[in-house]
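Colleague: Return atomic coordinates for the entry below.
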Amino acid sequence: MKKDKTVWIKADSESWEENKPRVTAGLESGAECILLNHDDIPKAKELGNIKTAAPGGEADIIVVGKGSEGDGIRKLPSEFSNSQDISEAQRLTREGKTVAGYVVIKNKKYEQFAVELGKSCDYLVVIGTDWKVIPLENLIAELQKLDVEIIAGVRNAEEAMLALETLEHGSDGVLVDTGDISEIKKIVAVRDRQGMEKIPLVKARITKVKPVGMGDRVCVDTASLMVPGEGMLIGSQSNGLFFVHSESEESPYVAARPFRVNAGAVHAYIRVGEKTRYLSELASGDEVMVINSEGETRPAVVGRVKIERRPLMLVEAEVDGTGIKTLLQNAETIKLVGDSGKPMPVTALKEGDEVLVYFEKAARHFGIKIEETIIEK
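Modeller: This next block holds a predicted model:
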């Protein structure tokens, strides 16, 4: 499973008035941590609940190397065994503190120092003086087997993408140094896409559409707005999930509800990350996965789950000779997605139509893919 990437905001100039907009933007965008001056920690905490990193005892993460050997304010020792920063990181770690090393990579010696400091830290923040030559690959390769997260300094979304993708694994997070609030939001969006997999969708041919009477169906209302072309993966069999479109399109019958996917009957599976769950299990605060017709995914938080008794329709389809099925509410506002990416109302579906689905040959047990024979009818 992919490790979550983190976004830190650099807000450590001498002026709090200059730092405050960065802190606010970080809070509003979903950043995980703010790098601050020690004296600004109480002010940042007043603005919102967010993790802080700073030199000093009251920070959630204590930074070592800033204003010291790590950024060149104090000269690097010829032998790293004599380093005050490394000794300080080791002492704080022994005391049970969470520690971040901070190093500005000025040359090869600072790169080597970063590796040694990182061995005694929970996080290693590395800033490149020239991003084209920052030795991030070397640091990732040297420290990948240690329990230290590398946070790379970036100034824009392009640099963030490069850092998060370096050597496939990428850095564990980025430290954003910009006063451009819109750029901060772009970088957070880059991070969000990095954390989610791209899922291959295939065409399935509709073989049966049949009203089956009343049942309990689930609407998944998220705390995010979906756009036309987005929805969720739902199905009666865990290895064959239909792309059910969100209610983001206007309809002559009812107003658009772009936060909602009318997902189907309570028994059905929903794909969430690399696992599946039953629709009936979902509750406010859970995380679900939103997908588009290109297979690109993003997370969304469940705000509400509505279970109501409604007329249902059985939809069956075939992929590579294998049948899959699901039960959806029998209403024109519930739509699957055609192979062209165009939403198709279930009430207009007919035999021979092609829709997008996710299909895998392996079965699932408690939502986890396994190599086992499981028959679901």
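
Colleague: Below-threshold pLDDT in this protein: ranges please.
Modeller: Residues of the chain that meet the criterion pLDDT under 70 lie in 1-3, 130-134, 167-168, 195, 253, 362-377.

Colleague: Walk me through the domains of it.
Modeller: What automatic domain parsing lists as the domains of the chain is 6-194, 202-370.

Colleague: could you dump those domains to a markdown table with mean neighbour count?
Modeller: Just so you know, the C-beta spots here come from the backbone N, C-alpha and C atoms, and that holds for glycine as well. As requested, those are arranged in a markdown table below (neighbours: other Cβ atoms under 10 Å):
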| stretch | mean neighbour count |
| --- | --- |
| domain 6-194 | 19 |
| domain 202-370 | 18 |
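
Colleague: Can you list the strands that the longest strand seen in the chain pairs with?
Modeller: Counting by DSSP state E, the longest strand found in the chain is strand 297-319. Paired strands of strand 297-319, with direction, are strand 202-222 (antiparallel), strand 287-292 (antiparallel), strand 322-329 (antiparallel) (DSSP bridges).

Colleague: Pull out the CA atoms of the longest one and give them to me as CSV.
Modeller: If I follow you right, that is strand 202-222. Output of strand 202-222 as CSV, limited to C-alpha atoms (Å, rounded to 0.1, in the frame of the first residue of the first chain):
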residue,chain,number,x,y,z
VAL,A,202,-12.3,-1.9,-19.1
LYS,A,203,-15.4,-2.3,-21.2
ALA,A,204,-18.2,-4.6,-20.2
ARG,A,205,-21.2,-5.6,-22.4
ILE,A,206,-24.6,-5.3,-20.8
THR,A,207,-26.4,-8.7,-20.9
LYS,A,208,-29.5,-8.0,-18.8
VAL,A,209,-31.4,-5.1,-17.3
LYS,A,210,-34.4,-6.1,-15.1
PRO,A,211,-36.5,-4.5,-12.4
VAL,A,212,-36.5,-6.7,-9.3
GLY,A,213,-38.7,-5.0,-6.8
MET,A,214,-38.0,-3.0,-3.6
GLY,A,215,-34.8,-3.0,-1.5
ASP,A,216,-32.7,-0.8,0.7
ARG,A,217,-30.3,1.4,-1.3
VAL,A,218,-27.4,3.6,-0.2
CYS,A,219,-26.6,7.1,-1.2
VAL,A,220,-23.0,8.1,-0.4
ASP,A,221,-22.8,11.8,0.3
THR,A,222,-19.3,13.2,0.4
